[in-house]
Structures are given as structure tokens and as C-alpha cells.
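**Q** Coordinates for the following, if possible.
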Amino acid sequence: MDEEKWPPASMGEVRTQELLRSLDVLGVKEHHFLEGPVDIDMETGLDPTGAEQVRRIMEEVDPDTVFTFGPEGMTGHAAHKDVSRWAGEAFAQVAKPGAGLYHAVFPTSMADEWLEKLAPFNIFLPGTPNVVPDEEIDLYFELPPANLDQKIASIKEHASQIEALYEVFGDEGFRRFMAKEGFVLAATKEP
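**A** Model prediction:
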């Protein structure tokens with residue numbers, strides 16, 4: 001990250017505004033911010049009070065499907081691991097019968113193309129991401145062009161996080177990287 005362009009002292013506000021712009025691009029009208037100390041770095045977890053907040057939000061929203069990080073947090077980021085654990089705990093406590101909990105994974109087909117290219121950016125801590133063979137993925141899809149355009153526009157709003165990646169991979173590379181998504185079913189709530 002370019003600390004001259006984005007001084008660390010202002011990153012909380014920068015990332016909040018990036019997220020709000022990103023949600024606007026996606027047309028998201030409802031979102032919930034957790035209260036308490038913010039995400040600091042890849043090794044520091046979140047304030048444990050977030051667990052109860054996630055449980056309350058899940059109970060209020062009453063989702064049919066929950067998508068989150070896997071236990072490894074996709075990148076190994078401690079805050080991502082917290083979010084995964086909290087979502088799993090909340091799902092077990094309050095999800096309605098028939099609901100599904102899915103973890104994001106890195107399909108082998110993507111890992112073969114991208115992990116070596118991404119290594120210089122130190123996105124993934126050792127042991128991450130969770131690479132799963134394509135045939136073992138429960139939800140695997142390639143975004144149609146219109147949805148991919150919207151996803152790219154949304155991701156570009158997170159400039160402080162993706163600027164260097166975008167400069168290296170350019171439009172075409174970034175489109176290929178963002179085009180596929182994979183999830184494994186981690187739990188279902190029995191009826």
C-alpha cells in the first residue's frame with residue numbers, strides 16, 4: 001500500500017468510504033457495520049464483542065444462505081478467521097431450518113493460474129488459501145459479463161487495497177481473476 005497516498009492514520013475512514021462506494025455499485029441497500037475496534041493488520045484479531053453482533057444480525061436478517069470465509073480466513077488474515085468463526089457460531093445458534101452456510105474456497109483451476117502470480121503481493125499467509133479441486137466445490141460459477149462488469153467496478157472502489165494488483169494485471173488479467181467464484185457447503189441447518 002502506498003503510505004504517502006493513504007496514510008495509515010486515515011485508513012479506517014478510507015476503507016469505510018471505499019466499502020460504501022463498493023456497496024453502492026452493487027446496489028446493496030442494507031448493510032451492518034460491527035461496532036468496536038477496527039481491523040488493524042493481518043495478525044490481529046477483531047474485538048470479541050463482534051461475535052454477539054454477528055449473531056444478532058443473523059437472527060434479524062434470517063438468511064436462507066450465508067457466505068463467509070473458511071476457517072483459514074482465505075488469506076490467513078486473523079480478522080477473516082474471526083468472521084468465519086462468528087458466522088459459523090451464529091449459524092449454529094440461530095439459522096432457520098434448511099439454511100446453508102458456505103465457505104469461500106480457491107478452485108484448483110484458479111490456483112494453477114493465479115497463486116504464483118499473486119505470491120509477490122503477500123496476499124496469502126503460509127497455508128492459505130484453501131485450494132479445493134473444482135469437482136469438490138458445491139457452488140462454482142463463472143460470472144456472466146454484466147455481473148462481472150459490476151463486480152469489477154465494485155472491487156475497483158477498494159483502491160487502497162487493489163491498486164498494485166490492478167496495475168500489474170490490468171483490465172484483462174483482473175477480469176480473468178475475478179470471473180470465477182467457488183464455495184463449499186460447510187453446514188446446513190436441519191429442518
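
**Q** now what about stretch 150-165, what contacts it?
**A** 1-2, 5-6, 11, 14-15, 18-19, 21-23, 25-26, 118, 121, 143, 166, 174-175, 178 (CB atoms under 8 Å, 6 or more residues apart in numbering). C-betas here are computed from N, CA, C, even on glycine.

**Q** Give me the buried positions along the least confident helix or strand in the chain by mean pLDDT.
**A** The element with the least model confidence among the helices and strands of the chain, by mean pLDDT, DSSP states H and E, is helix 159-178, at a mean of 88. Taking 16 or more other CB atoms under 10 Å as the basis for neighbour counts, the residues of helix 159-178 that come out buried are 160-162, 165-166, 169, 174-175, 177-178.

**Q** do stretch 14-26 as well
**A** Residues of stretch 14-26 classed as buried under the neighbour-count rule (16+ other CB under 10 Å) are 14-15, 18-19, 22.

**Q** What segments of this protein are strands?
**A** Remark: strands of the chain, listed N- to C-terminal, are 65-69, 100-107, 131-132, 139-142, 180-188; assignment by DSSP state E.

**Q** what inclination does the first one have with respect to strand 100-107?
**A** Put simply, strand 65-69 runs at 40 degrees to strand 100-107, going by axes from the mean of the first three to the mean of the last three CA atoms, to 10 degrees.

**Q** and strand 65-69, what does it pack onto?
**A** Here strand 65-69 is seen to pack against helix 78-94, strand 100-107 when contacts are counted using 3 or more CB pairs under 8 Å, 6 or more residues apart in numbering; DSSP states H and E.

**Q** Can you tell me the strand partners of the last one and which way each runs?
**A** Going back to what we said before, that points to strand 100-107. Paired neighbours of strand 100-107 in the sheet (DSSP bridges): strand 65-69 (parallel), strand 131-132 (parallel), strand 180-188 (antiparallel).
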